[in-house]
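Colleague: Predicted model and sequence follow; I will ask about them next.
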Amino acid sequence: MCITMPISEVAKKRAPALPPPRVTYHRLRKSIHFACFLAFLALPFFDLMRFDIPRQRFYFAGYELWINEFAIIFFALMFLMFLIIGSSIAYGRVYCGYMCPQMIFSEASISFENRLRRWMNKRFFDWPSKRRNLAVRALFLAALAPVSVFLAFAFISYFVAPRDLLARLLALDVHTAGGIAGAAVTLIAFLDFTLVRQRFCTTVCPYGYLQGILGDNNTLLVHYRDESHQCIECKKCVRVCHMGIDIRNSPFQIECVHCGECIDACGDVLGRMGKKGLIHYTWGEHGGEAGGREPWLRRLGLRDAKRAIVLLLLLCYGCGLFVALGMRHAVLVEISPERASLYRIDGGHVYNKFRFNIANRGRTRSAVIFSLEQLPSATLSIPENPVPVEAGKSVQGEFEISRPLASGTQEVEHFTIAASPAGGGSPDEFPMTFLSPPQRSPR
Ligand code: SF4
Ligand code: SF4
């Protein structure tokens, strides 16, 4: 008697058990790429980090910093510099593979072109292949033109206020310096993502070369290890490498951006045979695999004194930045005495003149109230008090302080000018001197 089984049943019985689904570096990278793309757009548009060249302002974490706020800019730049150095020493070129906008957009453009090709092959399979290829290229270039404009816009927004930039773009400005720069960056972005792509990483980008200097025996690497000759020469690790290299030749190839795609590929192929992949993230050429059983500080990459010192410096600059931002006043007041003539006497009063400068570095209109302390019977003469200041503007002016000319008045008296924000808040205090004519002793 012949017993027949449905085909699906047979297939179920014969199918080899698939390895359990793994968390792949590819999926992790794509999620990080997406997050970095959002960050690339958010940084300039929400003033999280932007150098406004025309207005000479540095925007950081929502603060509008003026170019003369040296301490904050210094701490911010040093913090960013040590962040790059520290991450390169500990994690090698992980930034290139996971966060670099050049890599993200290059991969996205290749992936888009491949999808377009697959779609054309499926939809227009009866066309001659030459015609299909031409159509794919034309469609791809046509789609990339507006994308390049958008990316160039986002990039230039790091240096010019997005609103100004949009006005220039809508006016099709290619006459002013800003307009010419915008057109040039758009063209560069277009050529970059259609022709250059990852070639940029191995020819022009200085970070790959810098990595060669910063890396050491404990830096994270992508390493092929096959002591027991398990490699089946399938070359999947080579095919998936978008940098076009064979990681089996050396873990120190300048093209390798430590993206981990070859780790996934090998793990996938050998995993189907019930074996472990041969390519791993390792701590240096001779170190153990990343993520192995060891103290959590070492697992995070803090593997020697050099890394601890870099982390300490990073924390110092981070704290300095935090304190400098905390101490920052949005409205900066400066007062200085006008000593071209020491004093003026008029109508039985002595007058001293002072100059002030108020810089409103905040985003809202503000006003400053001047008042006097420790100078009895003195009067402050100023055209307007409080003095209004528009957001992002500076106001300069003068005022006089007068006192009755009386006997017994000292030539030099110390007092304080207080400058208080009109909406409340702690006043700035400026110690000053009031000069009076010398008192002649009676004969
Ligand atoms: S994917 Fe793994 S098994 Fe295949 S060639 Fe590369 S290293 Fe060898
Ligand atoms: S060799 Fe591996 S880790 Fe290096 S770039 Fe190629 S796929 Fe990425």
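Modeller: Perfect, thanks for sending it. Residues are numbered from 1 along each chain as shown. Ligands and ions are numbered 1, 2, ... in the order given.

Colleague: Which of the three states applies to Y281?
Modeller: Secondary structure for Y281, judged by DSSP: H, G, I helix; E, B strand; the rest coil, is strand.

Colleague: I'd guessed it sits against I263; true?
Modeller: Yes - in this structure, Y281 is within contact of I263 by C-beta atoms under 8 Å, at 6.9 Å. C-beta coordinates here come from the backbone N, C-alpha and C atoms, glycine included.

Colleague: neighbour count winner among those two?
Modeller: I263 (24 against 18; other C-beta atoms under 10 Å).

Colleague: re the thing from before, what's the overlap in contacts for Y281 and I263?
Modeller: Both Y281 and I263 are in contact with V222, where contact means C-beta atoms under 8 Å, 6 or more residues apart in numbering.

Colleague: residues making contact with the helix or strand hosting L311?
Modeller: Assigned by DSSP states H and E, L311 belongs to helix 305-326. For helix 305-326, the surrounding residues in contact (C-beta under 8 Å, 6+ apart) are 61, 63, 71-72, 75-76, 78-79, 82-83, 85-86, 89-90, 216, 218, 301-302.

Colleague: can you rerun that using 6 Å?
Modeller: With C-beta atoms under 6 Å, 6 or more residues apart in numbering as the test, helix 305-326 has contacts from 71-72, 75-76, 78-79, 82, 86, 90.

Colleague: Please list which of those are also close to ligand 1.
Modeller: Applying C-beta under 6 Å from any ligand atom to those, one finds that nothing falls near ligand 1.

Colleague: S157 and L43 touch, don't they?
Modeller: No - using C-beta atoms under 6 Å, S157 makes no contact with L43, being 8.6 Å away.

Colleague: Of those two, which one has the most company?
Modeller: S157 (20 against 16).

Colleague: what separates the more buried one from ligand 2, distance-wise?
Modeller: To ligand 2, S157 is 30 Å away according to C-beta to the nearest ligand atom, to the nearest Å.

Colleague: Nearest residue to that residue in space, please, no chain neighbours.
Modeller: Take S157 and drop its neighbours on the chain: the residue closest to it by C-beta to C-beta, 6 or more residues apart in numbering is P44, 3.7 Å away.

Colleague: Tell me which helix or strand the one you found sits in.
Modeller: helix 25-45.

Colleague: Output the lowest mean pLDDT helix or strand found in this structure.
Modeller: helix 7-14 (a mean of 41; mean pLDDT, DSSP states H and E).

Colleague: Which positions in the helix holding L311 come out as buried?
Modeller: 307, 310-311, 313-314, 317-318, 320-321, 324-325 (16 or more other C-beta atoms under 10 Å).

Colleague: what do you get for stretch 28-37?
Modeller: 29-30, 32-33, 36-37.

Colleague: ok, of those, which one's closest to ligand 2?
Modeller: Taking C-beta to the nearest ligand atom as the measure, ligand 2 sits nearest to R29 out of those, at 9.4 Å.

Colleague: measure the closest one to L38 for me?
Modeller: 15 Å (C-beta to C-beta, to the nearest Å).

Colleague: For P431, give me the pLDDT.
Modeller: P431 is assigned a pLDDT of 90 by the prediction.

Colleague: what number of residues lie near it?
Modeller: With other C-beta under 10 Å as criterion, P431 counts 10.

Colleague: what does the one 3 residues further on give?
Modeller: Per other C-beta under 10 Å, the neighbour tally for F434 reads 23.

Colleague: same check, this time on L151
Modeller: 22.

Colleague: nearest spatial neighbour of it, skipping sequence neighbours?
Modeller: Nearest to L151 is A189, by C-beta to C-beta, 6+ apart, at 4.9 Å.

Colleague: Check which residues of the lengthiest helix in the chain are buried.
Modeller: For the chain, the longest helix by residue count, based on DSSP state H, is helix 129-156. Buried positions in helix 129-156, judged by neighbour count with 16+ other C-beta under 10 Å: 132, 136, 140, 144, 147-149, 151-156.

Colleague: Between all of the residues you listed, which two are separated the most?
Modeller: R132 and I156 (36.2 Å; C-beta to C-beta).

Colleague: in terms of contact, does S402 touch T379 like I think?
Modeller: Yes - using C-beta under 6 Å, S402 is in contact with T379, at 5.1 Å.

Colleague: Look at the two and report which has more neighbours.
Modeller: Neighbour count, other C-beta under 10 Å: between S402 and T379, S402 has more, with 21 against 13.

Colleague: distance of the more buried one from ligand 2?
Modeller: Distance from S402 to ligand 2, by C-beta to the nearest ligand atom: 76 Å.

Colleague: Tell me where the stretch 301-443 of the chain has strands.
Modeller: 331-338, 344-346, 349-360, 366-373, 379-381, 387-389, 394-404, 412-421, 428-435 (DSSP state E, counting those that start in this stretch).

Colleague: got a pLDDT number for A15?
Modeller: On pLDDT, A15 comes in at 41.

Colleague: for C234, same thing?
Modeller: At C234, pLDDT is 94.

Colleague: surely it meets V269?
Modeller: Yes - in this structure C234 lies within contact range of V269 using C-beta under 6 Å: 5.4 Å.

Colleague: between the two, which one's more packed in?
Modeller: Higher neighbour count among C234 and V269: V269, with 18 against 12, using other C-beta under 10 Å.

Colleague: So the more buried one belongs to a helix, correct?
Modeller: Yes - under three-state DSSP, V269 falls within a helix.

Colleague: List the contacts of it.
Modeller: Per C-beta under 6 Å, 6+ apart, neighbours of V269: 234, 236.

Colleague: Can you list the low-confidence ranges for this structure?
Modeller: Across the chain, the ranges flagged by pLDDT under 70 are 1-23, 67-68, 440-443.
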